[in-house]
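Peer 1: my questions are about this predicted structure, shown below with the sequence.
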Amino acid sequence: MFQNQYEQKDHRGIANILNPNGHMMAEAVLKPKQGKSFLHSSEPVSSENINQFKVSNETVKKAKELFRQSEIEVVQAGMTLTLMGLPEKFEALLDVKMIASKADSEGPQYLIPNKDPVIPEALQPFVDAIVFPKPISIKP
């Protein structure tokens, strides 16, 4: 019997697969109404403390508007925004260069930024961080 082993491949913890349209995905962690975002909290999000991590409707609205102005689509909104766009749009917005990498010699190609994303000044009041999904390979 096999036991699946999940292995993260990117040492920076940031990577992405292109979809068939050439778009990539990212998550924008929004700043809450009060307190720290869940990224900077020492306690996990729970039903008892969820209110301290909630973001205002105005924060969601303004952040969505600013991403759309940069031609990055917001496909889902909550405490984070799920973003989709062409790699060059993320590069221009976040002051990064996306570079090609492979999870393994036979696997799909991934894009990883050459450095941590820089949140533009206009987004800083609303966005705490922008992260890209990690590639995970399943090995028997």
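Peer 2: Everything's here; your move.

Peer 1: what strand or helix carries the nearest residue to Pro120 once chain neighbours are set aside?
Peer 2: Leaving out its chain neighbours, the residue that sits closest to Pro120 by Cβ to Cβ, 6 or more residues apart in numbering is Leu93, at 6.3 Å. All C-beta atoms are positioned from the backbone trio N, CA, C, and that covers glycine. Using DSSP states H and E, Leu93 maps to helix 87-94.

Peer 1: what's the mean pLDDT across that helix?
Peer 2: Helix 87-94 comes out with an average pLDDT of 95.

Peer 1: ok, then the element right after it?
Peer 2: strand 98-102.

Peer 1: mean confidence (pLDDT) on that next one, please.
Peer 2: 78.

Peer 1: tell me how far stretch 39-52 is from the chain's mean position?
Peer 2: 19 Å (Cα atoms, centre = their mean, to the nearest Å).

Peer 1: just the C-alphas of that stretch, formatted as CSV.
Peer 2: Written as CSV, here are the backbone C-alpha positions of stretch 39-52 (Å, rounded to 0.1, in the frame of the first residue of the first chain):
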residue,chain,number,x,y,z
LEU,A,39,-1.0,36.1,8.3
HIS,A,40,0.4,38.0,11.3
SER,A,41,-1.6,36.5,14.1
SER,A,42,-0.1,34.1,16.6
GLU,A,43,-3.5,32.4,17.0
PRO,A,44,-5.3,30.5,14.3
VAL,A,45,-8.6,31.7,12.9
SER,A,46,-11.5,30.2,14.8
SER,A,47,-15.3,30.7,15.3
GLU,A,48,-14.4,32.6,18.5
ASN,A,49,-12.0,35.1,16.9
ILE,A,50,-13.2,35.4,13.3
ASN,A,51,-14.5,38.9,13.8
GLN,A,52,-11.1,40.4,14.4
